[in-house]
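Engineer: sequence-free structure coming up:
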């Protein structure tokens, strides 16, 4: 019973693991750019949002 619960939780997390890693990478890249300078941070937010928007459209067109 408990083994099945953990297996179900792991299966649902694994479906979105790539997305979680991608968003985490963008988050840390933006954070690093803000450490460099404010202007670089603002531009990195723009680039990050463009990438997320583009990839979400690509994923939506696959389904």
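Structural biologist: Here it is on my side, so go on. Owing to the predicted nature of the structure, the values given are computational and were not obtained by experimental measurement. Residues are numbered from 1 along each chain as shown.

Engineer: would you map the helices across this protein?
Structural biologist: Counting by DSSP state H, the chain has helices at residues 2-15, 17-36, 38-62.

Engineer: just want the angle from the second one to helix 2-15.
Structural biologist: Here helix 17-36 points in a direction 60 degrees away from that of helix 2-15 (axes from the mean of the first three to the mean of the last three CA atoms, to 10 degrees).

Engineer: name the residues that touch helix 17-36?
Structural biologist: Helix 17-36 is touched from outside by 13, 40-41, 43-45, 48, 51-52, 55, with contacts defined as CB atoms under 8 Å, 6 or more residues apart in numbering. The way it works is simple: take the backbone N, C-alpha and C, and place the C-beta from them, glycine included.

Engineer: which parts of that helix are buried?
Structural biologist: Using 16 or more other CB atoms under 10 Å as the burial criterion, the residues of helix 17-36 that qualify are 26, 29-30, 33.

Engineer: same deal with the last one?
Structural biologist: Neighbour counts over helix 38-62 (16+ other CB under 10 Å) mark 41, 44, 48 as buried.

Engineer: what helices or strands is it leaning on?
Structural biologist: helix 17-36 (3 or more CB pairs under 8 Å, 6 or more residues apart in numbering; DSSP states H and E).

Engineer: what angle sits between the helix it packs on and helix 38-62?
Structural biologist: Counting by the same axes, to 10 degrees, helix 17-36 lies at 160 degrees to helix 38-62.

Engineer: helix 17-36 - what's its average pLDDT?
Structural biologist: The pLDDT scores in helix 17-36 average 91.

Engineer: ok now it, how far from the chain's centre?
Structural biologist: Mean C-alpha position of helix 17-36 versus that of the full chain (CA atoms, centre = their mean, to the nearest Å) differs by 7 Å.

Engineer: and stretch 25-39, by the same measure?
Structural biologist: That offset, for stretch 25-39, works out to 15 Å (CA atoms, centre = their mean).

Engineer: quick one: the one residue sitting closest to the centre of the chain and residue 5, what's the gap?
Structural biologist: Per CA atoms, centre = their mean, the C-alpha nearest to the average position across the chain is that of residue 23, at 1.7 Å. Per CB to CB, to the nearest Å, residue 23 is found 26 Å from residue 5.
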